[in-house]
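Peer 1: model this:
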Amino acid sequence: MFDYSQLTKELKDLKAQGLYIHIRTLEGPQGAWLEIEGKRVLNLCSNNYLGFANEPRLKKTAIEAIEKWGVGPGAVRTIAGTLKIHEELEEALAKFKRVEAALFFQTGFITNQAVIPTLVEEGDAVFSDELNHASIIDGIRLTKAKRYIFKHRDVEDLKAKLEEASGENFRRRLIVTDGVFSMDGDLAPLPEIVELAEKYNA
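Peer 2: Modelled structure (predicted):
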């Protein structure tokens, strides 16, 4: 039989160090103010940046869509097909962004785990900001590409890494960065990064 004693000890150690995660139960809807264990508390850790989670028109539209389409296609789209409503959403986004096509994923984490390994693999190079989101880092780990980590928001260090890699015979070079870094709220210098990407064919 499996011996759980080591796991039990590790859990006790985490609790003793104050590192054990206790998930709070919300007793009402997501918003700027939450109710937790009967107390009203200010929410400073939400991803609901634009306040869409409880926007009345969105809730009404979602209810109407569920009534018509159900709660999902029941399988991945490559096997069972996709719902027309999802196609319409992707077409609307593509039109809004003035691009040929768009593809929706359930979360940003899944997006990075799917897209990055699709773009680069063994024989390629990835250049990543040292403070990129965990989902980007995990997406890069799934590739077999050579990794270059540049200092946070430092285009000179990125340039040096691109220069260092220019002597290598990589098929593709991918620069990956957050646009807005979620922990500190600072912005990536995207115009300068794009300029370097064009210069170094990345």
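
Peer 1: Could I get the contacting residues of residue 157?
Peer 2: Going by C-beta atoms under 8 Å, 6 or more residues apart in numbering, residue 157 touches 150-151. All C-beta spots, glycine's among them, are computed from the backbone N, C-alpha and C.

Peer 1: do you know how far it is from residue 202?
Peer 2: 14 Å (C-beta to C-beta, to the nearest Å).

Peer 1: any idea how far the most centrally placed residue in the chain is from residue 101?
Peer 2: In the chain, the C-alpha nearest the mean C-alpha coordinate belongs to residue 108, at 2.9 Å (C-alpha atoms, centre = their mean). Using C-beta to C-beta, one gets 19 Å for the distance from residue 108 to residue 101.

Peer 1: Over to residue 141?
Peer 2: In terms of C-beta to C-beta, residue 141 sits 27 Å off from residue 101.

Peer 1: Show the residue spans covered by the strands in this protein.
Peer 2: Taking DSSP state E as the test, the strands found in the chain are 33-36, 39-42, 125-129, 146-150, 173-176.

Peer 1: closest to residue 88 out of those strands?
Peer 2: strand 173-176 (29.9 Å; C-beta to C-beta).

Peer 1: Please identify the most buried of the strands of the chain.
Peer 2: strand 125-129 (a mean of 24; mean count of other C-beta atoms under 10 Å).

Peer 1: could I get that one in PDB with only the CA atoms?
Peer 2: The C-alpha trace of strand 125-129 is given here as PDB (Å, rounded to 0.1, in the frame of the first residue of the first chain):
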ATOM      1  CA  ALA A 125      14.700  29.700 -30.600                       C
ATOM      2  CA  VAL A 126      12.400  31.400 -28.100                       C
ATOM      3  CA  PHE A 127      13.300  34.800 -26.400                       C
ATOM      4  CA  SER A 128      11.300  35.300 -23.200                       C
ATOM      5  CA  ASP A 129      11.100  38.200 -20.800                       C
END
